[in-house]
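Engineer: below: sequence and its predicted model.
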Amino acid sequence: MSAPSMLSSVVTLVLLGYAFGFVPPQYLQLGHHGHNDSDADYIREVHYIPMRDGVKLHTIVFIPTAHITKKKATVMIRTPYGATGLKGEGATFVKDGFVAVMQDFRGRFESKGKFECWRDAGSDGADTIDWITKQTWSNTVVFQAGTSANGIANYLDDLESPKQLHAQLVIVATAQLHRTLYQNGAYRHSLIHGWLDGIHEPAFEKNFIDNEQIGPWWNPLNLTARWNKALQPAVHVTGWYDIFNQQTLDAYTGYHTSATIGKSLNYLIVLPTGHCQGGAVAWPNWADGLATALGVSTTLFKALADADSEPKYLETIAALEKLEAGKTKIWWYVMGPGLPGTKGNYWTQGTAFPKSSPVALYLGQEGGKGTLSTTPPKASAMANMTFTYDPTNPVPTLGGNNLLLKKCGPWDQSSLESRSDVLTFTTQPLNATYAITGKMWVILYVSTTPANDTDFTVKLTDVFPNGTSLLIQDSIIRMRWRNTISPIPEPMQQGKVYEAKIDLWSTSYIFNSGHAVRLDVSSSNYPRFSANPNTGLPLADKSTPIITHNTVHFGAGMQSRVVLPIVPMTDLPETQMPHRR
């Protein structure tokens, strides 16, 4: 199957960074003055569509001139970045035979109303779909395509379960905003502050800061436990180093297991990159994943394009599910160190991720150095390591799942590991090659003094024979929010030991023989996460920070550990992607 005609322009935009949430400065100045126009391929109309509350949203429609009298399916993109800047996408969807509809978020560019990020996404998306189905050029079938902020709107449209929405392409997005912006309770400072500042909406950040706790304010921004509201399948795309890595994986799982219609027609592509295009490792053929995502979604859209009634839609879905039974549903990139003679850095595929065996590596200490071992510490042993955390001198961010920071993705952490506020725990050099694929966890037994709150950060790295400590994944926990489902903060007691279970997100990586596995532990990673002042007060409070002495305990029933999803190398065969860039 050849790559779809929309491929080149969309991939180009992705590579330029626009579609990944990066807004080129010229797009921030674009405006459209309300006239219609056309070229040989399409008629372009501009509408101001009234929403249910009367607010009118600026909408551009591209109607194919080919077979002009035939009613057609529509692909819709809603964006905060300027609908006028999506003319290229409109033209390429037209070439695939679709009507294209591009719309500014409310309060953005020429749309009226107040900018509320995605809090109106569900209702505005549903109202726009309803408007589309009533137009003379519409056959009532609607699809959605969206990347980053646009993709978030796609997911949240499902809160209203629009029946005419038949399929989606969602690239690097989240349907769980609180879980995303407050990772294990810690505020993702550079992501939120930087993005809102970049789109000239800095005032909205106060809303996120003032709603630190989970609660009703977040309901319009959260599809968690409501995946059954999805009445259509989707093609989901994320990256191991993407800012929404785990949330896109969660969305795929939610749709695949709980969507009301089309469960088994969900597809997942996991790039090594994502919003982050940087890092110290070059990923060969990584963009083949984007080509595959666009190819699979175009095939899905075209297969459903004529299902213009509910019976026909359900019948077509059933036929496609039967046709696709047992076929590949997931393509993912298996990363490696990227050195000559090492394993990794290729694509693989499956009907699901391979079943993993969780292997715990226990923290310990030997000769004054931190160790990692598959052998649990002796029950009688009492051991710990303590460091001093000064909120005014945080550990600087170096790589990771970032958006706007200069360095993102896999970077050498060894320059930071010499700091006195960073603990390192390392295995002996591996005598064999080990592959991991799936969800990772870190369980730490920790205490602090003299404050009632602090953070603990963790980084999983691959230690090369030359001493390079390459970042694989990192995470954090804000201790007053350690019970992530509680709307009420839970202060620590000074000196008391607590179990901290830290979600380290997911990856697929090969640790090669001769390398070592390392876990770094500290209490800051700034500006990726806000530096905890250790006061235990709300995020908006600016009280004087408190210096703390933070301790990690291991032994005597306190088995601090990192749990890795080990899979056989035979479950990760190299494959050629169905679409190549």
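Structural biologist: Alright, I've got the coordinates. Residues are numbered from 1 along each chain as shown.
Engineer: pretty sure Asp421 contacts Thr392?
Structural biologist: No - counting by Cβ atoms under 8 Å, Asp421 does not reach Thr392; the two are 11.9 Å apart. Heads up, the C-betas are built off the backbone N, CA and C, glycines and all.
Engineer: which of those two has more neighbours?
Structural biologist: Each of Asp421 and Thr392 has its neighbours counted (other Cβ atoms under 10 Å); Asp421 has more, 17 against 9.
Engineer: so what pLDDT did the more buried one get?
Structural biologist: pLDDT, Asp421: 98.
Engineer: cool, Phe20 as well?
Structural biologist: So, for Phe20, pLDDT stands at 37.
Engineer: do the same with Pro340
Structural biologist: 89.
Engineer: residues near it, how many?
Structural biologist: Pro340 has 5 nearby residues by other Cβ under 10 Å.
Engineer: cool, and Ser373?
Structural biologist: Count around Ser373 with other Cβ under 10 Å applied: 17.
Engineer: dig out what it forms beta bridges with.
Structural biologist: Tyr362 (DSSP bridges).
Engineer: hang on, isn't it packed against Gln365?
Structural biologist: No - the criterion here is Cβ under 8 Å, and Ser373 misses it with Gln365 at 10.8 Å.
Engineer: distance of the closest residue to Ala230 other than its chain neighbours from Lys369?
Structural biologist: Nearest-residue entry for Ala230: Ala259, 4.0 Å, with adjacent residues in sequence omitted and distances by Cβ to Cβ, 6 or more residues apart in numbering. Distance, Ala259 to Lys369, by Cβ to Cβ, to the nearest Å: 49 Å.
Engineer: again, but for Leu265
Structural biologist: Counting by Cβ to Cβ, the gap from Leu265 to Lys369 is 51 Å.
Engineer: who has more neighbours out of these two?
Structural biologist: Comparing Leu265 with Lys369 by other Cβ under 10 Å, the one with more neighbours is Leu265, at 23 against 12.
Engineer: quick one: residues contacting the closest residue to the more buried one other than its chain neighbours.
Structural biologist: Nearest residue to Leu265 in three dimensions, chain neighbours excluded: Pro233, at 3.7 Å (Cβ to Cβ, 6+ apart). Pro233 makes contact with 167-168, 255, 259, 261-263, 265-267, 300, 317, according to Cβ atoms under 8 Å, 6 or more residues apart in numbering.
Engineer: next, give phi and psi for Pro233.
Structural biologist: phi -80, psi 170 (degrees, to the nearest 10).
Engineer: pretty sure Ala531 sits against Pro394.
Structural biologist: Yes - shown here, Ala531 and Pro394 form a contact pair, counting by Cβ under 8 Å, at 4.2 Å.
Engineer: mutual contacts of those two, please.
Structural biologist: In contact with both Ala531 and Pro394: Ser524, using Cβ under 8 Å, 6+ apart.
Engineer: mind listing the helices for the stretch 251-400 of the chain?
Structural biologist: Along the stretch 251-400 of the chain, counting by DSSP state H, counting those that start in this stretch, helices occupy 288-304, 310-324.
Engineer: quick one: list the elements packing against the shortest one.
Structural biologist: If contacts are counted by 3 or more Cβ pairs under 8 Å, 6 or more residues apart in numbering; DSSP states H and E, helix 310-324 sits against helix 288-304.
Engineer: list the buried ones in the helix it packs on?
Structural biologist: For helix 288-304, a neighbour-count test (16 or more other Cβ atoms under 10 Å) marks 288-301, 303-304 as buried.
Engineer: quick one: contacts for the residue nearest to Ala230?
Structural biologist: Contacts of Ala259 by Cβ under 8 Å, 6+ apart are 227-228, 230-233, 266.
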